[in-house]
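[1] Curious how this folds, go ahead:
(2 chains)
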Protein chains: 2
Amino acid sequence: MTIEEARAALGACRLEIDDVDRRLVALLNERTRVVERVGDIKQQVALPVYDPKREEQVFQNIAAANQGPLPDAAIKRVFERIIDEMRTLERTRMEGK
Amino acid sequence: MTIEEARAALGACRLEIDDVDRRLVALLNERTRVVERVGDIKQQVALPVYDPKREEQVFQNIAAANQGPLPDAAIKRVFERIIDEMRTLERTRMEGK
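    Numbering: from 1, shown residues only, chains lettered A, B, ... in the order given. Take a look at the predicted model:
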């Protein structure tokens, strides 16, 4: 492979990554909207926001869905970040109500 | 809303979240496979793996795609984790070659 061929191939990969990333952003926002609905429902009936059993279910679901190449532990760390960001947003939103 | 109605609504939300999460896992693995291809190409022509300018492009792309409700800063932190996990995996894979 020449350096020119490599640069062309890398350019194509980057377009692919950008496309995947836009779809990831859309899904993260879709997830956030459902989390906001969960928050609203819980608030109406005064259920606690934090539910460690449910969090365990989320981790089981993603591990079961994972076919690699990302290892389960890496996926779990990404989801810990996702859950943490949505919890922070939810807390801010609830305080503003 | 009664507590029974709330529980039913929460159950429906959770099914939706589980579905979104499975799609997120699939996309994260799709992204990882492209990152692996990038690594292979770079290795063949001895280009450096880490490219801070490209990382900046990734952040610009996701900020431009973001329509909320997640704030840009939250999305960026999630992607910092994603990029970090993929870089770690890539380093391990390259060492095994």
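
[2] ok, A:K97 - how many residues close by?
    Residues near A:K97, counting by other C-beta atoms under 10 Å in any protein chain shown, number 7. C-beta here means a position set from N, CA and C on the backbone, and glycine is covered the same way.

[3] Let's verify A:L47: helix, strand, or coil?
    Three-state call for A:L47 (DSSP: H, G, I helix; E, B strand; the rest coil): coil.

[4] what about it, distance to chain B?
    7 Å (C-beta to the nearest C-beta, to the nearest Å).

[5] so that residue touches B:M1, yeah?
    No: using C-beta atoms under 8 Å, A:L47 is not in contact with B:M1, being 10.8 Å away.

[6] These two - which one has more neighbours?
    It is A:L47, of A:L47 and B:M1, that has more neighbours when counted by other C-beta under 10 Å, with 15 against 11.

[7] Overlap of the contact sets of A:L47 and B:M1?
    A:I41 (C-beta atoms under 8 Å, 6 or more residues apart in numbering or on different chains).

[8] pull the longest helix from chain A.
    If you go by DSSP state H, chain A has its longest helix at helix A:3-44.

[9] Briefly note if it comes near chain B.
    Yes: residues of helix A:3-44 contacting chain B under C-beta under 8 Å from any C-beta of the partner chain: A:3, A:6, A:9-10, A:13-14, A:16-18, A:20-38, A:41-42, A:44.

[10] Please indicate which of these are buried?
    When these are checked for burial by 16 or more other C-beta atoms under 10 Å in any protein chain shown, the buried set is A:6, A:9-10, A:13-14, A:16-18, A:20-21, A:23-25, A:27-32, A:34-38, A:41-42.

[11] what's the distance between A:T32 and A:E95?
    Distance of A:T32 to A:E95, given as C-beta to C-beta, to the nearest Å: 17 Å.

[12] ditto for A:C13
    Applying C-beta to C-beta, the value for A:C13 to A:E95 is 42 Å.

[13] what's the answer for A:E4, then?
    Counting by C-beta to C-beta, the gap from A:E4 to A:E95 is 55 Å.

[14] Please apply the same query to A:D19.
    Using C-beta to C-beta, A:D19 is found at 36 Å from A:E95.

[15] who has more neighbours, these two?
    Higher neighbour count among A:D19 and A:E95: A:D19, with 15 against 7, using other C-beta under 10 Å.

[16] got a list of what the more buried one touches?
    So A:D19 contacts nothing (C-beta under 8 Å, 6+ apart).

[17] now do A:M86
    By C-beta under 8 Å, 6+ apart, the residues touching A:M86 are A:31-32, A:35, B:70.
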